[in-house]
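Student: Fold the stuff below for me.
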Amino acid sequence: MIIARNLSASKSKLKPLLSLSFLAQSTLTPSKTHNSYCNIYPQYPTKTNFLYFFSSKPTNSNPPKHQIFPFTRDGNFDDATPPATVCPGCGVHMQYTNPKHPGFYKEPSVKDLDYKSDAHLVPISLESEFPGSLKKGFFVEPDNQNPDLDLAENESVLEKRPPVVCARCHSLRHYGKVKDPTVENLLPEFDFYHTVGKRLVSSSGARTVVLLVVDAVDFDGSFPKKVARLVSDSIEENFTAWKEGKPGNVARILLVVTKIDLLPASLSPLGFEQWVRRRAKEGGASVIKKVHFVSSVRNWGLKNLTEDVIELAGARGHVWAVGAQNAGKSTLLNAMAKCVNGNVRKVSYLTEAPVPGTTLGIVRVEGVLPGQAKLFDTPGLLNPQQITTRLNREEQRLAHISKVLKPRTYRIKEGHSVHIGGLMRLDIEELSVDSLYVTVWASPYLPLHMGKTENAGTMVEDHFGHQLQPPIGDKRVKELGKWVRQEFRVSGNRWDSSSVDVAAAGLGWFGIGLKGEAIVGVWTYEGVGVVLRDALIPYRAQNFEVTGFTVSKIVSKADQALNKSLSQSEKKRKQSNQEVAASAELLVSAVHEDANSC
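Tutor: Numbering: from 1, shown residues only. Model prediction:
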């Protein structure tokens with residue numbers, strides 16, 4: 001066994017233990033039709049294009065120019081569109097000429113032939129003492145000295161290399177934010193009916209399966225009502241035509257509720273399914289083939305969902321994943337692809353990020369459906385009634401539900417109010433009983449406040465943007481719009497559980513439990529969707545919250561940082577004033593000395 005350690009290549013004068021010189025001496029020659037991998041990646045790398053992948057010289061002195069596509073959001077639905085011209089992460093057409101236009105990407109740098117050479121390794125036996133790496137048990141085993149195995153191994157590495165994505169997807173994947181938001185303004189508005197809708201309701205063509213993807217913790221805010229009604233109406237029309245002997249492609253709807261790992265574990269699955277079916281029917285989905293509850297991060301329910309999708313799609317069907325922005329479509333499809341046993345290289349790498357509107361165009365997802373069946377990811381549908389659409393990135397992080405929901409319960413009398421940050425307020429205006437129970441289901445990072453309704457006006461002026469965040473800062477309070485009121489009449493017949501929910505799209509909900517009737521006023525920003533519904537989670541917290549602020553850790557740290565900054569500024573100001581006063585005293589004394597000398 002030969003033991004070695006790392007040394008800089010400049011200091012090493014010994015021959016490398018391993019050499020890839022046999023690659024340079026290979027008699028393999030490139031195909032005349034071979035294109036640089038930077039332009040169009042080979043579907044199955046061979047030894048020929050493998051050598052050129054590691055070559056420092058260009059494979060073609062006159063490489064073909066990239067085809068420039070117009071700014072569309074059709075993605076690669078059409079088979080005539082070359083897969084390499086569309087970003088596999090978001091579906092935008094790729095280009096490398098203008099970084100200020102959508103779809104820009106940089107070609108990967110070409111590696112030298114010996115970039116993985118072991119020339120920097122030398123035998124330890126030639127050293128004066130044993131290094132620390134050997135004492136700790138680290139050593140390098142000698143390779144098998146088999147060139148064919150080395151080549152096969154490197155080809156395997158090349159095959160596993162993830163596809164190149166646009167600069168926007170790269171920034172989202174590695175930094176969690178869009179690199180240049182102004183670039184997205186150049187894209188046309190996504191016309192769902194023109195791009196996707198007319199294919200979902202077509203009476204001819206391939207069998208259609210629609211995955212309605214809905215967020216479990218924001219069901220009403222993320223449920224695609226227009227799509228549900230559109231597909232449900234087409235099912236009735238096409239089914240009638242099919243019975244009359246006419247062409248009738250009857251679409252199948254699978255309702256997929258994601259992020260169920262964020263719901264309390266004690267929630268009854270049967271009761272939850274009945275609740276989901278009622279809300280979906282009220283939202284326009286009159287015909288649902290099946291309901292699936294999944295968690296993409298914990299792999300819950302993915303196997304059953306994938307099996308049902310494969311069965312319904314058949315050999316040539318088209319499956320469309322449709323849902324609101326940030327409902328978890330791309331994460332779901334990536335998780336489904338990992339569940340399917342098949343060629344790993346065909347697994348797609350859709351971009352996942354907690355940023356609304358991650359997917360820009362239609363993306364064909366490979367490696368999930370067998371045969372000629374196709375699976376498509378579509379851009380998230382914008383719901384302007386979701387409050388998160390008007391929040392900035394820092395505010396979205398506070399409002400985004402990323403942990404298991406936990407109840408925060410108040411026992412409230414008439415004339416009192418509860419705030420969720422600076423985004424929503426519930427007023428108990430009239431009450432037929434002595435008190436009721438209000439349970440807040442929202443992000444744990446949102447601070448709460450309970451107090452008298454008569455003081456609610458001063459809360460907006462004095463505490464919004466500070467103790468009650470989001471919004472963050474006084475400026476953002478004005479930018480979010482007008483603060484408006486909606487009125488609801490609620491009733492219940494039990495004290496120990498919530499009877500109804502008052503939910504705000506993109507934020508969370510108030511669960512109200514009472515044995516009687518009440519009139520409540522709900523305040524939020526104009527245009528935010530607020531609905532009254534049956535209680536999703538009936539139970540409440542065991543320990544009740546108290547009057548005043550329930551400050552989250554994030555806001556507390558922000559206040560501490562702000563107070564520290566103000567304290568330091570005040571200290572610097574006092575020090576500066578002292579220095580000015582001392583300078584003034586010296587100047588006065590100097591003037592007196594000059595006067596006396598005269």
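
Student: For burial, what's the neighbour tally of residue 282?
Tutor: Look at residue 282: counted by other Cβ atoms under 10 Å, it has 13 neighbours. Every C-beta, even on glycine, is put in place using the N, C-alpha and C of the backbone.

Student: Residue 455 too?
Tutor: With other Cβ under 10 Å as criterion, residue 455 counts 12.

Student: Give me the distance between it and residue 465.
Tutor: Plainly put, residue 455 is 17 Å away from residue 465 if you go by Cβ to Cβ, to the nearest Å.

Student: check contacts around residue 440.
Tutor: Residues in contact with residue 440 (Cβ atoms under 8 Å, 6 or more residues apart in numbering) are 407, 408, 409, 410, 418, 420, 448, 508, 510, 511.

Student: same thing but 7 Å
Tutor: Residue 440 is in contact with 408, 418, 420, 448, 508, 510, counting by Cβ atoms under 7 Å, 6 or more residues apart in numbering.

Student: Strands of the stretch 351-500 of the chain, residue ranges please.
Tutor: In the stretch 351-500 of the chain, the strands defined using DSSP state E, counting those that start in this stretch lie at 363-365, 374-377, 408-413, 416-420, 424-431, 435-441, 448-452, 483-493, 500-504.

Student: Of all those, which one is nearest residue 221?
Tutor: strand 500-504 (7.5 Å; Cβ to Cβ).

Student: Show me which residues of the closest one are buried.
Tutor: 500, 501, 502, 503, 504 (16 or more other Cβ atoms under 10 Å).

Student: between those, which is closest to residue 249?
Tutor: Out of these, the member with the shortest distance to residue 249 (by Cβ to Cβ) is residue 503, at 35.3 Å.

Student: right, and that closest one touches residue 531 too?
Tutor: Yes - using Cβ atoms under 7 Å, residue 503 is in contact with residue 531, at 5.4 Å.

Student: list the residues that contact both of the two?
Tutor: By Cβ under 7 Å, 6+ apart, the residues touching both residue 503 and residue 531 are residue 220.

Student: hang on, the earlier thing: would you point out the most distant pair within the contacts of residue 440?
Tutor: Spanning the widest gap among the contacts of residue 440 are 418 and 508, at 11.9 Å by Cβ to Cβ.

Student: Looking at these two, which is more packed in?
Tutor: Legend: neighbour count by other Cβ under 10 Å for residue 418 and residue 508, higher for residue 508 (25 against 22).

Student: ok, and the closest non-adjacent residue to the more buried one?
Tutor: residue 442 (3.1 Å; Cβ to Cβ, 6 or more residues apart in numbering).

Student: before we move on, what about residue 522?
Tutor: Residue nearest to residue 522 in three dimensions, not counting chain neighbours: residue 486, with 4.9 Å by Cβ to Cβ, 6+ apart.

Student: can you tell me how far that neighbour sits from residue 396?
Tutor: The gap separating residue 486 from residue 396 is 24 Å, by Cβ to Cβ.

Student: mind giving me the domain split of the protein?
Tutor: Here the domain assignment for the chain is 80-105+162-188, 191-383, 403-551, 554-592, based on the TED database.

Student: For residue 390, find the nearest of those.
Tutor: Taking Cβ to Cβ, domain 403-551 is the member of those nearest to residue 390, at 5.9 Å.

Student: Now the closest one: average pLDDT?
Tutor: For domain 403-551, mean pLDDT rounds to 94.

Student: Residue 492 - nearest residue in space that isn't next to it in sequence?
Tutor: Excluding the flanking residues, the one nearest residue 492 by Cβ to Cβ, 6+ apart is residue 499, at 3.1 Å.
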